[in-house]
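From the sequence below, what's the structure:
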Amino acid sequence: MAQTGGRPARSADDRGIMTMNAEFHVRVDSVGGPRDTPLVTAEGEIDLAAAAQLDEALNSTAEEHDQVTVDLRAVDYLDTAGIRVLFDHAGRGRLVVLITTNGIIAPVIATSGLGRVATVCTVDR
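Just a heads-up that it's a prediction; the model follows:
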């Protein structure tokens, strides 16, 4: 099962004002995580709008599985809405989160305390 979501890249309007339409994609694979568990792969920026897409992907996957792996190695921005989604899903079942060792979101994940309620694995890209 695969789902994709995307939004147009950030752009400036004719007055030069930046719009917050960052690029984001999410894909769900029925296997691919540890022990052939479902894998949700996110790519791009997870802001308020993208967090809703991530939540929907995790919800559809978690309905049928006790453990879900979410791959955030290609995420280059994660705000509090995205962190909330991860905490919500960690509270409902087993959540494994993959991030890059020196990735830009590693400090956000560490500071949030997500590792106390989910398994956070740092891997090289």
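
now the longest strand seen in the chain: how far from the chain's centre is it?
With residue count as the measure and DSSP state E as the assignment, the chain has strand 67-78 as its longest strand. In this view, strand 67-78 has its centroid 4 Å away from the chain centroid, taken as Cα atoms, centre = their mean, to the nearest Å.

Give me the mean pLDDT for that strand.
Mean pLDDT, computed over strand 67-78, is 96.

same question, stretch 23-30
Mean predicted confidence for stretch 23-30 is 92.

buried sites along it?
Buried residues in stretch 23-30, counted by 16 or more other Cβ atoms under 10 Å: 24, 25, 26, 27, 28, 29. Placement of C-beta: from N, CA and C, glycine included.

thinking again about what came up before, mind listing what the longest strand of the chain pairs with, with the direction of each?
Strand 67-78 has the following strand partners under DSSP bridges: strand 39-46 (parallel), strand 94-100 (parallel).

Next, format these as a markdown table and append distance to residue 122 and mean neighbour count.
As requested, these are exported to a markdown table (distance: least, Cβ to Cβ, whole Å; neighbours: other Cβ atoms under 10 Å):
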| stretch | distance to residue 122 | mean neighbour count |
| --- | --- | --- |
| strand 39-46 | 16 | 22 |
| strand 94-100 | 6 | 20 |
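
Any regions of this structure where pLDDT drops low?
Residue ranges of the chain with pLDDT under 70: 1-22, 125.

which stretches of the protein form helices?
Ranges of helices within the chain are 48-62, 80-92, 106-112, based on DSSP state H.

need those helices in a markdown table with mean neighbour count and distance to residue 39, can you?
Below are the helices of the chain laid out as a markdown table (neighbours: other Cβ atoms under 10 Å; distance: least, Cβ to Cβ, whole Å):
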| stretch | mean neighbour count | distance to residue 39 |
| --- | --- | --- |
| helix 48-62 | 19 | 9 |
| helix 80-92 | 18 | 14 |
| helix 106-112 | 15 | 18 |
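
Surely residue 73 touches residue 98?
Yes - shown here, residue 73 and residue 98 form a contact pair, counting by Cβ atoms under 8 Å, at 5.8 Å.
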